[in-house]
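Asks: okay, predicted coordinates and the sequence, questions at the end:
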Amino acid sequence: MHELSLSQTIIDRIRQSMDEGDRVLEIAMTVGRLSCVNPASLEFCLEALLEEGDMGSPEIVIERTPALLRCRECGTEFETDDMYTPCPGCGAMAREVLSGRDLVVDYVRVESPD
Amino acid sequence: MADKGRKVELRSAVMKKNDRIAGENGKTFEEARLLCLNLMSSPGAGKTTLLERLAERLGDSLAVIEGDVQTRRDAERVEAAGSFAHQIETGGSCHLDAEGVSRALEEMRPFRDTWRYLVIENVGNLICPSGFYLGEHLTAGMLSVPEGDDKVLKYPGLFSKVDLMLINKTDLEGKLPFDARRAEDECRSLNPDVTVLGVSALEGAGVEELVCLMEEERRKLFG
């Protein structure tokens, strides 16, 4: 499952932003509704990888956000949680996805050793 | 929690990194004047058999990147049929990503002057590959007759965004309960601009139409 490789990418990114010896207290992420990411699997894989590492046992906070689409027929922008919703303006199905496909690591909270 | 430690803002978008690399792949395709098609389907739908037909038809104007978890089987089939093939073995990943394709492109250099088309046969999977842009010009989702005509709405991530839906194994239509009109209508309900093409990779039906489509798309890009 690719939540595992995504988790490794996230941990590598976090490590780049930390000083050596820091512990991670919190990881805050946003998962778009149209991403191929299952938040529960992501949390599971992150915890599994973190257990084997030296970054501590941070709290993992995952917020799901709706996708923002723009109708290609009438230009209406609307939020949705799936690809089945027709345009609320004209009912068309042709659209472009403005956001909602990504996984964003928003911030980490870290603590340096005493 | 909020008062302990220090907050480090990252705003690191994982897919953005993939999309940036995909953009670089796209520039590589432009410079080499290659029309790139990303071909996706479940395992066994017939992607490699279709590529064998394309290889027989296009010969050294076609280059293929094969993506599988393991083995060079598919690359060997395409090579035997007459086209260049580079195999990516993901070792476990269920999809190709832009970085993997970027590495493959470097390993394929120098590109042959004869190449006009690059088809990327993605890992067999109806879900994850559609979430990873590779830099391609065209995407194709293949559904085969034995899989059933009810699969399009079950896998909207893929079928809502492909340029081309290929219905393969049309030679079995009379023998299995498959309603091609239903599959096409459901795809159009998600994706009104999709082009739908019925093919039989085994018997060759529809292959010439696919080649014409690829030639036309390449002409639109490169003249």
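Replies: Happy to help now that I have it. None of the values given here were measured: they were computed from a predicted structure.

Asks: got the CA positions of stretch A:5-25 in CSV?
Replies: Provided in CSV are the C-alpha atoms of stretch A:5-25 (Å, rounded to 0.1, in the frame of the first residue of the first chain):
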residue,chain,number,x,y,z
SER,A,5,6.1,4.9,0.9
LEU,A,6,4.3,8.2,1.5
SER,A,7,5.0,7.9,5.3
GLN,A,8,8.7,7.4,4.6
THR,A,9,8.6,10.5,2.4
ILE,A,10,6.9,12.5,5.2
ILE,A,11,9.4,11.3,7.8
ASP,A,12,12.4,12.2,5.5
ARG,A,13,10.9,15.7,5.0
ILE,A,14,10.4,16.2,8.7
ARG,A,15,13.9,15.0,9.5
GLN,A,16,15.3,17.7,7.1
SER,A,17,13.5,20.4,9.2
MET,A,18,14.7,19.2,12.6
ASP,A,19,17.9,19.6,14.6
GLU,A,20,19.7,16.4,15.5
GLY,A,21,18.4,15.0,18.8
ASP,A,22,15.0,16.8,18.5
ARG,A,23,11.9,14.8,19.4
VAL,A,24,8.8,15.3,17.4
LEU,A,25,5.7,16.0,19.5
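
Asks: next, the buried residues of it.
Replies: For stretch A:5-25, a neighbour-count test (16 or more other C-beta atoms under 10 Å in any protein chain shown) marks A:Ser5, A:Leu6, A:Ser7, A:Thr9, A:Ile10, A:Ile11, A:Ile14, A:Ser17, A:Asp22, A:Arg23, A:Val24, A:Leu25 as buried. Quick note: C-beta positions are derived from backbone N, CA and C, even for glycine.

Asks: just the ones of those residues in helices?
Replies: Mapping these onto helices (DSSP state H) picks out A:Ser5, A:Leu6, A:Ser7, A:Thr9, A:Ile10, A:Ile11, A:Ile14, A:Ser17.

Asks: returning to what we had before: let me have the buried residues of stretch A:5-25 in a markdown table, extended by distance to chain B and pLDDT.
Replies: Shown next, in a markdown table, are the buried residues of stretch A:5-25 (distance: C-beta to the nearest C-beta, whole Å; pLDDT from 0 to 100):
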| residue | distance to chain B | pLDDT |
| --- | --- | --- |
| A:Ser5 | 6 | 81 |
| A:Leu6 | 6 | 86 |
| A:Ser7 | 10 | 91 |
| A:Thr9 | 6 | 86 |
| A:Ile10 | 7 | 91 |
| A:Ile11 | 12 | 92 |
| A:Ile14 | 7 | 91 |
| A:Ser17 | 5 | 87 |
| A:Asp22 | 8 | 88 |
| A:Arg23 | 8 | 89 |
| A:Val24 | 9 | 92 |
| A:Leu25 | 5 | 94 |
